[in-house]
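Participant: Sequence and predicted structure are below.
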Amino acid sequence: MPVIPQGARPVLDEADISRALTRIAHEILERAKGAEDVMLLGIPTRGTFLADRLAARIADVEGTTVPVGSLDVTMYRDDLRLKPARALERTEIPDEGVDGRLIVLVDDVLYSGRTIRAALDALNDLGRPRAVQLAVLVDRGHRELPIRADYVGKNLPTSQRESVKVRLREHDGVEHDAVYLGIESETAI
Amino acid sequence: MKRHLLSTADLSRDDAVLILDTAEEIARLAARPIKKLPTLRGRTVVNLFFEDSTRTRTSFEVAAKRLSADVINFSAKGSSVSKGESLKDTALTLEAMGADAVVVRHSASGAAYRLATAGWSSSHVVNAGDGTHEHPTQALLDAFTMRRHLGGFEERRVTVVGDVLHSRVARSNVHLLATLGARVTLVAPPTLLPVGVESWPCDVSYDLDAAIPGSDAIMMLRVQRERMNGGFFPTEREYSRRYGLDAQRMAKLPDKAIVLHPGPMVRGMEISAAVADSDRSVIVEQVANGVSVRMAVLYLLLSGSESAIGSEEGHSQHQNTEPKGAVA
């Protein structure tokens, strides 16, 4: 995958992403009335890095550290049979466990909602959270399931022929974070 | 194109590392309250065992069930039909039942290869031990256990000691460990080394004491009396004295070296009880890791529209190394 998609235009730059994450961190704290039982679980790969950033911001604002982990949903996907077998990503549940906690799932792009459905199933096998919320950097619409995000960095109206690519410093070897909107290449449809 | 796991010689380094990495992620799930994953729901895995096995069959059964596959245990022990026919008829029966994967163990070398390539069945075939040829998932779980303790394979020395002649585990391990970059030394009396061992990617020695000080891992093999019909060594005592691992020999191993055994062990023969129960021994861990590794293999072969690992039907490198005594 090229570092920056060909022919794609940036829709969010580093400062936009930073402001969005700061706002989401505040919104999480406001709704939860503090950080007491909050746990962030990022969905690999980019959701994991976004969860780490959110945790750092919550620590800045509230002065307490919230547990952060990652939740791989590959084994729970509904499209496994449609694509070649794929490698698993890391699942790392903090020692505190999910029971009785407010779990905030973190992902980069919300699209069909199928990844989140898989994440809810995966979470169900890990324990019984008090509540589950969803934070995403970009909501691009076109849901195929009754799923919505509680915290959205940016609502981005798209057509299904377009592709949304998030590029993060920690993961993509880019100098600056950005979100790109481009036309899906013929082969990828 | 159906893909199979028949031999570790067919695995590229990328394939092998993918299996080990996948097993590593799966092993982390073993601590969860609900160990079952929905991944292979609706798939059928048949355990087709023509030879006795508790460890391997149970391990495959647990692995398939943890992935929510349906498991059918088909034990063909005691069948009076000649082996070739029996395998074919059984394969046709399983085909009619709609098996997605067949895990096969057979006393004839090449049985799994035959099952995969004869056109009797459209299932994925996993070799769970064919005669004295290969036992790939055992080698994978050995490699998995070694990687966890040694950190990697480059510059690591693995010594495999004992009845190499009758050991499918030894052959699978030599190919896999060489692919992964480790240096393997086989140690055995000349009578227990197979013909052609000089072409294997490993060193060969008759002297255990010379090999011990440089070993990062040492794997003891059981002397397979049930496959022996001649005098391969003078007495058990002499074998044990020259090729057994006891506390004295273990003391000469490097500090962090580990002791493996594919099981079943014969305590007092190839390994002393003191060694088997020592903190160097990872034998019990090997069994636990077996489930994770087999889950990884089943997941990578069965979960997608195309398998991520394995050799393709009729395109296997295996043909070049087809073992003698293949099932007719």
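Facilitator: Thanks, I have the structure now.
Participant: CA atoms for contacts and neighbours, from now on please.
Facilitator: Will do.
Participant: and the residue minimising distance to the centre of chain A, how far is that from chain B?
Facilitator: For chain A, A:Asp107 is the residue whose C-alpha lies nearest the centre (Cα atoms, centre = their mean; 0.7 Å). According to Cα to the nearest Cα, to the nearest Å, A:Asp107 stands 20 Å off from chain B.
Participant: Secondary structure element for that residue, which one?
Facilitator: strand A:102-110 (DSSP states H and E).
Participant: For that strand, which helices and strands make contact with it?
Facilitator: Counting contacts by 3 or more Cα pairs under 8 Å, 6 or more residues apart in numbering or on different chains; DSSP states H and E, strand A:102-110 packs against strand A:38-42, helix A:46-62, strand A:131-139, strand A:162-167.
Participant: List the buried residues in the first one.
Facilitator: Taking 16 or more other Cα atoms under 10 Å in any protein chain shown as the basis for neighbour counts, the residues of strand A:38-42 that come out buried are A:38-42.
Participant: can I get these in TSV with pLDDT and distance to chain B?
Facilitator: Converted to TSV, those look like this (pLDDT from 0 to 100; distance: Cα to the nearest Cα, whole Å):
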residue	pLDDT	distance to chain B
A:Val38	96	20
A:Met39	97	18
A:Leu40	98	18
A:Leu41	98	16
A:Gly42	98	16
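Participant: any chance of those residues in TSV, with distance to B:Met269 too?
Facilitator: Output for the buried residues of strand A:38-42, formatted as TSV (distance: Cα to Cα, whole Å):
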residue	distance to B:Met269
A:Val38	57
A:Met39	54
A:Leu40	54
A:Leu41	51
A:Gly42	52
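Participant: Comparing the helices and strands packed on strand A:102-110, which comes out most buried?
Facilitator: When those are scored by mean count of other Cα atoms under 10 Å in any protein chain shown, the highest mean neighbour count falls to strand A:38-42 (a mean of 27).
Participant: Which elements pack onto that one?
Facilitator: Contact partners of strand A:38-42 among helices and strands, from 3+ Cα pairs under 8 Å, 6+ apart: helix A:46-62, strand A:68-70, strand A:102-110.
Participant: quick one: the last one to helix A:46-62, angle?
Facilitator: Put plainly, it is strand A:102-110. The directions of strand A:102-110 and helix A:46-62 differ by 130 degrees, with axes from the mean of the first three to the mean of the last three Cα atoms, to 10 degrees as the criterion.
Participant: Run through who's touching strand A:102-110.
Facilitator: Contacts with strand A:102-110, where a contact means Cα atoms under 8 Å, 6 or more residues apart in numbering or on different chains, come from A:37-44, A:46-48, A:50-51, A:129-141, A:149, A:164, A:166.
Participant: check contacts around the residue in chain B that chain A sits nearest to.
Facilitator: At 4.0 Å from chain A, B:Gly304 is the closest residue in chain B, using Cα to the nearest Cα. Shown in contact with B:Gly304 (Cα under 8 Å, 6+ apart): A:80-86.
Participant: Show the buried residues in those.
Facilitator: Members of these classed as buried by 16+ other Cα under 10 Å are A:80, A:84-86.
Participant: In a markdown table, list those along with pLDDT, secondary structure and distance to B:Pro264.
Facilitator: Formatted as a markdown table, the buried ones among the contacts of B:Gly304 follow (pLDDT from 0 to 100; DSSP: H, G, I helix; E, B strand; the rest coil; distance: Cα to Cα, whole Å):
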| residue | pLDDT | secondary structure | distance to B:Pro264 |
| --- | --- | --- | --- |
| A:Leu80 | 91 | helix | 37 |
| A:Pro84 | 89 | coil | 37 |
| A:Ala85 | 89 | coil | 33 |
| A:Arg86 | 88 | coil | 34 |
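Participant: ok so, going back, so how far is B:Ala63 from the residue of chain B closest to chain A?
Facilitator: Using Cα to Cα, to the nearest Å, B:Gly304 is found at 17 Å from B:Ala63.
Participant: From the contacts of B:Gly304, pick the one nearest B:His4.
Facilitator: A:Ala85 (13.7 Å; Cα to Cα).
Participant: circling back: let me know the closest of the buried ones among the contacts of B:Gly304 to A:Gly69.
Facilitator: Closest to A:Gly69, out of all of the buried ones among the contacts of B:Gly304 and judged by Cα to Cα, is A:Arg86, at 21.5 Å.
Participant: now the closest one: how far from A:Arg130?
Facilitator: 32 Å.
Participant: Can you narrow the buried ones among the contacts of B:Gly304 down to the ones near chain B?
Facilitator: Contacts with chain B within the buried ones among the contacts of B:Gly304, counted by Cα under 8 Å from any Cα of the partner chain: A:80, A:84-86.
Participant: Identify the farthest-apart pair in those residues.
Facilitator: Most distant of these, by Cα to Cα, are A:Leu80 and A:Arg86, 8.4 Å apart.
Participant: ok, residue 69 - how many residues close by?
Facilitator: Let's take chain A. Taking other Cα atoms under 10 Å in any protein chain shown as the criterion, the count of residues near A:Gly69 is 21.
Participant: Correction: the question concerned chain B.
Facilitator: 23.
Participant: Return the residues in contact with it.
Facilitator: B:40-45.
Participant: let's see 10 Å
Facilitator: B:37-46, B:61-63, B:100, B:298 (Cα atoms under 10 Å, 6 or more residues apart in numbering or on different chains).
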